[in-house]
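Q: Could you work out the structure for the sequence below:
(chains A and B)
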Amino acid sequence: MSARAVDRAEFDARAVRGTSSSVMAMVLFVASETMFFIAFFGIYAAVYSQQPAWPPLKIPLPDMGLPTAGVIVMAVSVIPMALVVRSVRTRGGAGVTKWLVATLVLGVAFCVLQIAGYSSLGFGINDGIYASLFYLMNGLGLAHVIGGVVFLVMVSQQAAAGELALRRDPAEALAVYWLFVVALTIALYVAFFAAVS
Amino acid sequence: MAVTEVREEAMAPSPRGGRILEWLTTTDHKKIGIMYLVNSFIFFAVGGILALLMRTQLAQPDNTFLSAHAYNEVFTIHGTIMIFLVIFPFLAGFGNYIVPLQIGALDMAFPRVNALSFWLLPVGGLTILSGFFVPGGAAAAGWTAYVPLSTQGGTGQDLWILGLMVVGTASILGAINFIVTILRMRAPGLTMMRLPAFTWATLSTSLLVVLATPVVTAALVMLLSDRRFGTTFFDPAHGGSVGYYLNTFWFFGHPEVYMLILGAWGIVSEIIPVFAGKPLYGYKGLVLAFLLVTALSFTVWAHHMFTTGLITNLSFFSATTEMISVPTGVLFFVWLGTLWKGKIRFEVPMLFALGFIAMFLIGGIDGVWMASPAMDYAIHDTFWVVAHIHYVLFGGTIFGVFAGIYFWFPKMSGIYLGDRLGKWHFWLMLIGFNLTFFPMHILGIRGMPRRIALYGPTRGWTFLNQLSTLGSYLIAISIIVFLVNLFLSVRKRRRAGDDPWQANTLEWATTSPPPAYNFDRLPPVRSNRPVYDARMKATAAADGATGGGS
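A: Predicted coordinates for the structure are as follows:
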């Protein structure tokens, strides 16, 4: 073995140790997204603390059925996502497509439920500060879930091509992002539906 | 053990379609870095011309050179461009070119994302500038875009918001790329406590970008939505508050100032040890200071809002602001300690670095004054604030950027920038800068508000304004001297070797300019001065071969 080959092997070993670059980048991206939503939740907290009732009196109480179903669907989607990660980590990607599709179905179901829920709201975006917060925060939350669904489709395609048998970082990065949107969905549910007084 | 890495042609195929297409489609961090620098310089020229328009308007009392509205547009776009499209991208450009070299990497962690981060910049910048061509003109609410002024403007304001969102996204992507690159792609032996100062500065800046920039993006989303979709986040008549905008904007806005200066601290901390012929004094103190500034910068934002009546705890924010001057003071000790008893070579990069220390010191002390609410009430929104920010961002960062240009140009091109014209550039810029901005301190104390297009002849502000305008033309001349120097240097081609300044860090261990894959071999890294170590070893070996060299 030539000296150069040894050096090359050492370089490759260095490149693959520890967390993968894409997972680290996704953690940083999620940190950034978290700060983005903290700005909204900060304003939410300031507004909430000043209102005698939540939602404010002139806003009709939202229908709890569809949003509750939606948040349960999202919470359940963590299970197939965990199985996706287990599959790429310990089983060389065996069965990963099945769990990706299951997560995808739950994600799409959430989007459908959320959009259906919007159609029965008794207020519009320009009905004051509560409506501003409601529409923008939930809208941005939904946009992030849709982003996650697109990401799921992309990784499913990689799974179908057999790529996830060779590298696990796309699935791991996806899992990091998906956990973020699930946590976000739950936080939004608490803020706008569970916190009704 | 040295790492040999020869990139096969298959891994870096040369694109068809000639050199222009090669630059447009490149993912090489060095080419992207150079494009960042050129792009920043073009926007620097645009922002500079806007500044000259302002100074021309203020050269005479009751001047009619610009209309009041045009003046508002000009100072708004000047501030926006200089902050978001000049200073920050200049530092990001050096980061792109230098950081992978300093850590002995082949490229950034995500080369294609890197190209995207760059190309979003001119898109965002041109979106902002396109406001000049729509009815109602460009944004005119100042670079801070305070509500309700910014909820009232025309399409130009929308373009400003959209442009800044694009630029913000670009900087977040770039920052993630820097962090992953620095944490994961370092050469063997290059531990965190051996990282070069500039790499530490880039890492700290990137942390600030990742955590603070999304907050301003949120503020911009709400602003756009208030303007166009009927929400009322910032409208007190419908449950909103102006304070929500101020808090979200400045939560980003103050870390932003450190995003704009940390990189320059890093550049200067590279240059001073090289030209003082000594190791950096207090390297650990410098790293700690960078990290403390990064952390503390998130606790000071409300000092921008002392006079608004929204802040109930003035003394807390005053105290945190005074506290942040402690790690900043540590940096001055690091620089002065490095200079102390050094064998100082007054080459052009060193002149700019020394100019930086002096000018940034004045800007920093201005800041310590303003951190006191009593003082702030007197000088808030006067020309004093304009003096302060320019002593930090021009006397500080732009001097640091030029120090970096003169220092690293030989690495990027293989040739030196001219020495004589470089010195002319430095002295003209130093004199012009002080002539422009020092009088603004006095104007501020005499009560001249910033952002006014007109002032009366009996105010007693005329002479100092004229001095200031004269200074601004001198700065413009110094920039022309720089461009002439650049042109002549490229024509004369005075060759610089691989390590023209006898420097310390890994970028000097490769050829000038470096090959596409950066390094044929890396020297072993056993300290934070690997190239110095290698030079000493080579000298010792040569001495040994010639019998001690005596």
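Q: residue boundaries of the helices in chain A?
A: For chain A, helices defined by DSSP state H occupy the ranges A:3-16, A:21-50, A:65-76, A:78-90, A:96-118, A:129-160, A:169-189.
Q: for the longest one, packing partners?
A: Where contact means 3 or more C-beta pairs under 8 Å, 6 or more residues apart in numbering or on different chains; DSSP states H and E, helix A:129-160 is packed against helix A:21-50, helix A:96-118, helix A:169-189, helix B:197-228. In this view, the C-beta of every residue, glycine as well, is placed from N, C-alpha and C.
Q: So for that helix, what gets flagged as buried?
A: Buried residues in helix A:129-160, counted by 16 or more other C-beta atoms under 10 Å in any protein chain shown: A:129-138, A:140-142, A:144-146, A:148-149, A:151-152, A:155-156, A:158-159.
Q: Then the second one?
A: Applying a neighbour-count criterion of 16+ other C-beta under 10 Å, the buried positions in helix A:21-50 are A:21-33, A:35-44, A:47-48.
Q: repeat for the last one
A: If you call a residue buried by 16+ other C-beta under 10 Å, then helix A:169-189 has these buried ones: A:169-185, A:187-189.
Q: Please dump the helices of chain A into JSON lines; it should also carry mean pLDDT for every row.
A: Formatted as JSON lines, the helices of chain A follow (pLDDT from 0 to 100):
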{"stretch": "helix A:3-16", "mean pLDDT": "47"}
{"stretch": "helix A:21-50", "mean pLDDT": "96"}
{"stretch": "helix A:65-76", "mean pLDDT": "95"}
{"stretch": "helix A:78-90", "mean pLDDT": "93"}
{"stretch": "helix A:96-118", "mean pLDDT": "94"}
{"stretch": "helix A:129-160", "mean pLDDT": "96"}
{"stretch": "helix A:169-189", "mean pLDDT": "97"}
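Q: what about the ones you listed, which gets the closest to residue B:325?
A: Nearest of these to residue B:325, taken as C-beta to C-beta: helix A:21-50 at 25.6 Å.
Q: Check the offset of that closest one from the chain's centre.
A: 12 Å (C-alpha atoms, centre = their mean, to the nearest Å).
Q: Does that helix pack against any helices or strands, and if so which?
A: If you count contacts as 3+ C-beta pairs under 8 Å, 6+ apart, helix A:21-50 packs onto helix A:129-160, helix A:169-189, helix B:155-184, helix B:197-228, helix B:242-276.
Q: between those helices, which one is nearest to residue B:144?
A: Residue B:144 lies closest, by C-beta to C-beta, to one member of the helices and strands packed on helix A:21-50: helix B:242-276, at 6.3 Å.
Q: Taking helix B:155-184 as reference, get the angle to the closest one.
A: Helix B:242-276 runs at 50 degrees relative to helix B:155-184, counting by axes from the mean of the first three to the mean of the last three C-alpha atoms, to 10 degrees.
Q: Next, the angle helix A:21-50 makes with helix B:242-276.
A: In terms of direction (the same axes, to 10 degrees), helix B:242-276 departs from helix A:21-50 by 140 degrees.
Q: Which strands and helices lie in contact with helix B:242-276?
A: Counting contacts by 3+ C-beta pairs under 8 Å, 6+ apart, helix B:242-276 packs against helix A:21-50, helix B:88-102, helix B:197-228, helix B:283-296, helix B:314-339, helix B:348-370, helix B:399-413.
Q: again, only using 6 Å
A: helix B:197-228, helix B:314-339, helix B:348-370, helix B:399-413 (3 or more C-beta pairs under 6 Å, 6 or more residues apart in numbering or on different chains; DSSP states H and E).
Q: near chain A, anything from the longest one?
A: What that stands for is helix B:197-228. Yes - counting by C-beta under 6 Å from any C-beta of the partner chain, chain A has neighbours in helix B:197-228: B:210, B:211, B:214, B:215, B:218, B:225.
Q: by how many degrees do that helix and helix B:88-102 diverge?
A: Per the same axes, to 10 degrees, the angle that helix B:197-228 makes with helix B:88-102 is 140 degrees.
Q: so what secondary structure elements neighbour helix B:197-228?
A: The elements that helix B:197-228 packs onto, with contact taken as 3+ C-beta pairs under 6 Å, 6+ apart, are helix A:21-50, helix B:88-102, helix B:155-184, helix B:242-276, helix B:283-296.
Q: Mind checking what secondary structure residue B:65 has?
A: Of the three states, residue B:65 takes coil according to DSSP: H, G, I helix; E, B strand; the rest coil.
Q: For residue A:95, grab the count of nearby residues.
A: Neighbours of residue A:95 under the rule other C-beta atoms under 10 Å in any protein chain shown: 13.
Q: next one: the one 4 residues further on
A: As a burial measure, residue A:99 scores 22 neighbours (other C-beta under 10 Å).
Q: dump the residue contacts of it.
A: Shown here is residue A:99, whose contacts under the criterion C-beta atoms under 6 Å, 6 or more residues apart in numbering or on different chains are A:80, A:83, A:84.
Q: Relative to residue A:83, how far out is it?
A: 4 Å (C-beta to C-beta, to the nearest Å).
Q: What of residue B:119?
A: On the measure of C-beta to C-beta, residue B:119 and residue A:83 end up 39 Å apart.
Q: same check, this time on residue B:59
A: Between residue B:59 and residue A:83 the distance is 72 Å, computed by C-beta to C-beta.
Q: And for residue A:57?
A: Separation of residue A:57 from residue A:83 (C-beta to C-beta): 46 Å.
Q: Specify which residue of these two has the higher count of neighbours.
A: Between residue A:57 and residue A:83, residue A:83 has the larger neighbour count (other C-beta under 10 Å), namely 17 against 9.
Q: Run through the residues that contact the more buried one.
A: So residue A:83 contacts residue A:99 (C-beta under 6 Å, 6+ apart).
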